[in-house]
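Asker: Quick one, fold the following:
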Amino acid sequence: MPKARGRTSRIRRRKCFKSSPARGVNESCKSEFIDLRKWLKDRNFEDRNLAPAHFPGTGRGLMSTAGLQPLFAEAVDSIFSYSALLWAWCTVNTRAVYLRRRQQEGLSAEPDTCALAPFLDLLNHSPHAQVEAGFNEETRCYEIRTASRCRRYEEVFICYGPHDNQRLLLEYGFVSIPNPHACVYVSTEILVKYLPSTDKQLNKKISILRDHGFIEDLTFGWDGPSWTLLTALKLLCLEPERFTCWKKILLGEVISDTNEKASLDITRRICCDFIEETSAVLQKIACRKVDCAALLPQLALVEALRTEELQILKASAGILDGLHAAFA
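Answerer: Reported below is the predicted structural model:
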């Protein structure tokens, strides 16, 4: 049997953890956090399980001030309502753009009637998480629930879900590079450009794809073109005499080698054209970085996103070459 751990062992472990380089430094005493706490309290939002802290490697974030256990049906005490702080934290870019625009227009930075939370840019972002957030219809509150065990003084992260960088940037104001969920989108308008204009069934085909939800995930990813993109192109490439087979295509059946090859050819052309376009954009960004020093942070962000897109497209091109070789 394992040897029981006594009081001395527990004290030793606590000291070891407190001296750990991963442990955050509590910053609750700073004036900006005090103001934010007051703002939250005035709106009846308060929580004692989290505290603002600075962590080595990730920077500013939220630290657990008590051990949090994974949430089960009976463990409702693991729910903590930090919704106002979450809302403030998720709208960092909104406030930053708002204040910058007011300053550009010569207005005061913060009007008395502004209901935005103070100091919205205090917290760190990460797509990797220990907690999940959502609106509870029963309590009518936005709640954050623990999804995994979190020890006292550890950093707590919000779960954003499997989002690509475009969605992370637009909805949360940050990107994660490298991002395993990153992808390059293809619109139906682009697909149409690669199809023969003489196809009299084209509008009907697009209508079928839309009605069956096959225009939502037309993407290139790290593992190649999405199944939805390939399936959509197979249907769009159907010959007039085989149009009645469209249901089989949506179910994943192979209609003919001719149809398979035609759809792969178009997919490769789209991918190659995207690679050429993205490479040209990166060259323009490199020139702009030399000429516009004031825009370096913004250009660096766009460059990082475009570079990741180029890598994804090249990975997809390699996979498509392998698929196309089967029909050579």
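Asker: Go through stretch 206-213 and flag the buried ones.
Answerer: Using 16 or more other CB atoms under 10 Å as the test for burial, stretch 206-213 gives I206, I208, L209. No exception for glycine: its C-beta is placed from N, CA and C like everyone else's.
Asker: Can you check what pLDDT the model gives the first one?
Answerer: If I follow you right, that is I206. With respect to pLDDT, I206 scores 94.
Asker: Grab the nearest non-local neighbour of L50.
Answerer: The shortest distance from L50 to any non-neighbouring residue, by CB to CB, 6 or more residues apart in numbering, is to L62 (4.8 Å).
Asker: Helix, strand or coil: sort out that neighbour for me.
Answerer: Three-state call for L62 (DSSP: H, G, I helix; E, B strand; the rest coil): strand.
Asker: gap between it and R152?
Answerer: Separation of L62 from R152 (CB to CB, to the nearest Å): 13 Å.
Asker: same question, L251
Answerer: Distance from L251 to R152, by CB to CB: 52 Å.
Asker: same deal with D223?
Answerer: D223 is 39 Å from R152, where distance means CB to CB.
Asker: who has more neighbours, those two?
Answerer: Using other CB atoms under 10 Å, the more surrounded residue of D223 and R152 is R152, with 15 against 12.
Asker: That one against G67, yeah?
Answerer: Yes: counting by CB atoms under 8 Å, G67 is a contact partner of R152 at 5.0 Å.
Asker: Show me which residues of stretch 318-327 are buried.
Answerer: Across stretch 318-327, burial judged by 16+ other CB under 10 Å covers I319, L320, L323.
Asker: Could you list which of these belong to helices?
Answerer: Within those, residues falling in helices by DSSP state H are I319, L320, L323.
Asker: Need the nearest residue in space to the first one, chain neighbours excluded.
Answerer: Think I319. Spatial nearest neighbour of I319, chain neighbours left out: G224 (3.6 Å); criterion: CB to CB, 6+ apart.
Asker: Could you check the pLDDT of that neighbour?
Answerer: For G224, the model assigns a pLDDT of 95.
Asker: quick one: pLDDT of R149?
Answerer: So, for R149, pLDDT stands at 74.
Asker: Look up phi and psi at it.
Answerer: Main-chain dihedrals, R149, degrees, to the nearest 10: phi -60, psi 140.
Asker: burial measure for it, as a count.
Answerer: Neighbour count of R149, defined by other CB under 10 Å: 12.
Asker: Likewise for L264?
Answerer: By the criterion of other CB under 10 Å, L264 has 21 neighbours.
Asker: That one contacts A325, doesn't it?
Answerer: No: L264 is beyond contact range of A325, at 10.2 Å (criterion: CB under 8 Å).
Asker: Let's verify P52: helix, strand, or coil?
Answerer: Three-state call for P52 (three-state DSSP): strand.
Asker: and it, what are its bridge partners?
Answerer: In this structure, P52 bridges to L62 when assessed by DSSP bridges.
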